[in-house]
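Q: Here is a sequence with its predicted model. Questions after.
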Amino acid sequence: MNSKWKKISLFSALAALVFLGIAAILFFTTGIASLGERKSVTINEERSFSLEGVEAIDLSTISTEIRVGTSASGKIEARLSGTVTTNYPEKAIPTLESETRGRALKIWTERRQKMVLVFGYHSSDLTLEIDLPAGYAGKLAIKAVSGDLALADRIVTELALHTTSGGFELTGIEAPKFNLSTTSGDVRVRDLKTEEAEFSSVSGDIRVKGFAGDIDLETTSGEIDIDYARFDNTVQIRSTSGDVRLDLPKMAEFRLNARTISGDIDCDFPITMTGSGRRSLEGTVGSGTNTVIIKTVSGDIDVKN
């Protein structure tokens, strides 16, 4: 084979690889469908489950908003509703699935066919509503890809939340163990009571008002605003890019260790300094019974009262 045909064969192989790569990207980001006529399909699927023996609930969705409320029936109720527009409805329409393993109930959404290697159109506006009995106080885990989460007035033993490309709206939550992580999305929390809370964010602001409990928070890019309703805790905050504001009650007592590479540090409390520099501040407020550690690479640090 001469060099001309070798070049043509190589070009053809590369073109095929590029085509398959684009097809894969479109499938995993938009949901691939056929080239047929677009159709809008209305979804309204409901299921109910007995609470008896359930100690853990696991929810998982893709491209679906999640709302958690309170059930009046005493059962766990799930409703998937909304509209999907696609040109391959027999394969791209999601369904509501469930499985019970031991004392754990898992509920998730799933497309009828996971992979369709042709081009097409797919968009959706879906909501998964989960109503839990007021008496449920077990573990709750929620994982969402490309979808927001709203949760209010809930007491559980453990709450774990994770989203990729989606925001959180939480109000009136009580959980001894609390874990929240997001890859891209803002977090808004009001009235959170916990023993220990972990927050992790790659891109997005975190704002917590009326907080109580130990906190370990790390963010790569985003503003941080934590407001304590009462304070007798340990605070650890690490930020790569973004300002940090910590509001504490006026009578709070703590040891402060604040450092930034590029930014200013300000503390409203009367502090007995044990060390300070252009970008650092160490000292004790009151008896120093609690610990506050805040470190940023690029961003200001404000400790307010």
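A: Looks like it came in fine. The structure presented is a predicted model; accordingly, all values stated were derived computationally and were not measured.
Q: Residue 95 reaches residue 44, doesn't it?
A: No. The pair residue 95 / residue 44 is not scored as a contact, 12.0 Å apart, by Cβ atoms under 8 Å. Quick note: C-beta positions are derived from backbone N, CA and C, even for glycine.
Q: Would you map the helices across this structure?
A: With helices called from DSSP state H, the chain shows them at 3-30, 89-92.
Q: quick one, strands of the stretch 201-305 of the chain?
A: Listed in chain order, the strands of the stretch 201-305 of the chain (DSSP state E, counting those that start in this stretch) span 206-221, 224-228, 234-241, 244-247, 254-262, 265-267, 272-277, 280-285, 290-298, 301-304.
Q: other SSEs contacting the fifth one?
A: Translated: strand 254-262. strand 265-267, strand 280-285, strand 290-298, strand 301-304 (3 or more Cβ pairs under 8 Å, 6 or more residues apart in numbering; DSSP states H and E).
Q: ok, now the shortest one?
A: Applying 3+ Cβ pairs under 8 Å, 6+ apart, one finds that strand 265-267 makes contact with strand 254-262, strand 280-285, strand 301-304.
Q: now the longest one
A: Helices and strands touching strand 206-221, as assessed by 3+ Cβ pairs under 8 Å, 6+ apart, comprise strand 187-203, strand 224-228, strand 234-241.
Q: average pLDDT for it?
A: Averaging pLDDT along strand 206-221 yields 98.
Q: what separates it from the chain centre, distance-wise?
A: Here strand 206-221 shows a centroid-to-chain-centroid distance of 13 Å under the convention Cα atoms, centre = their mean, to the nearest Å.
Q: Provide the strand pairings for it, with the direction of each partner.
A: Sheet pairing for strand 206-221, assigned by DSSP bridges, gives strand 187-203 (parallel), strand 224-228 (parallel), strand 234-241 (parallel).
Q: Over to the fifth one?
A: Strand 254-262 has the following strand partners under DSSP bridges: strand 280-285 (antiparallel), strand 290-298 (parallel).
Q: Could I get those in JSON lines, plus columns for mean pLDDT and mean neighbour count?
A: Below are the strands paired with strand 254-262 laid out as JSON lines (pLDDT from 0 to 100; neighbours: other Cβ atoms under 10 Å):
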{"stretch": "strand 280-285", "mean pLDDT": "96", "mean neighbour count": "18"}
{"stretch": "strand 290-298", "mean pLDDT": "97", "mean neighbour count": "19"}
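Q: Quick one, which of these gets closest to residue 148.
A: strand 290-298 (27.6 Å; Cβ to Cβ).
Q: can you put the helices and strands packed on strand 265-267 in a markdown table and add distance to residue 136?
A: A markdown table is the format used below for the helices and strands packed on strand 265-267 (distance: least, Cβ to Cβ, whole Å):
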| stretch | distance to residue 136 |
| --- | --- |
| strand 254-262 | 36 |
| strand 280-285 | 40 |
| strand 301-304 | 37 |
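Q: Can you check which of those strands gets nearest to residue 80?
A: Nearest to residue 80, of all the helices and strands packed on strand 265-267, is strand 301-304, at 43.3 Å by Cβ to Cβ.
Q: who does the closest one touch, helix- and strand-wise?
A: strand 244-247, strand 254-262, strand 265-267, strand 290-298.
Q: Now do the contacts for residue 274.
A: 282-284 (Cβ atoms under 8 Å, 6 or more residues apart in numbering).
Q: Mind doing that once more with 6 Å?
A: Residues near residue 274 by Cβ atoms under 6 Å, 6 or more residues apart in numbering: 282-283.
Q: re the thing from before, which of the helices and strands packed on strand 265-267 sits closest to residue 241?
A: strand 254-262 (9.3 Å).
Q: which residues in the stretch 51-200 of the chain form strands?
A: In the stretch 51-200 of the chain, the strands defined using DSSP E, counting those that start in this stretch lie at 56-62, 65-71, 76-86, 94-101, 104-111, 122-133, 139-145, 149-155, 158-164, 168-174, 177-182, 187-203.
Q: want to try CSV for the ones you listed, with mean pLDDT, distance to residue 302 and mean neighbour count as columns?
A: Shown next, in CSV, are the strands of the stretch 51-200 of the chain (pLDDT from 0 to 100; distance: least, Cβ to Cβ, whole Å; neighbours: other Cβ atoms under 10 Å):
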stretch, mean pLDDT, distance to residue 302, mean neighbour count
strand 56-62, 96, 36, 20
strand 65-71, 95, 33, 18
strand 76-86, 94, 42, 19
strand 94-101, 94, 44, 14
strand 104-111, 94, 41, 19
strand 122-133, 91, 38, 18
strand 139-145, 96, 32, 21
strand 149-155, 96, 28, 18
strand 158-164, 97, 27, 20
strand 168-174, 97, 23, 19
strand 177-182, 98, 23, 21
strand 187-203, 97, 18, 19
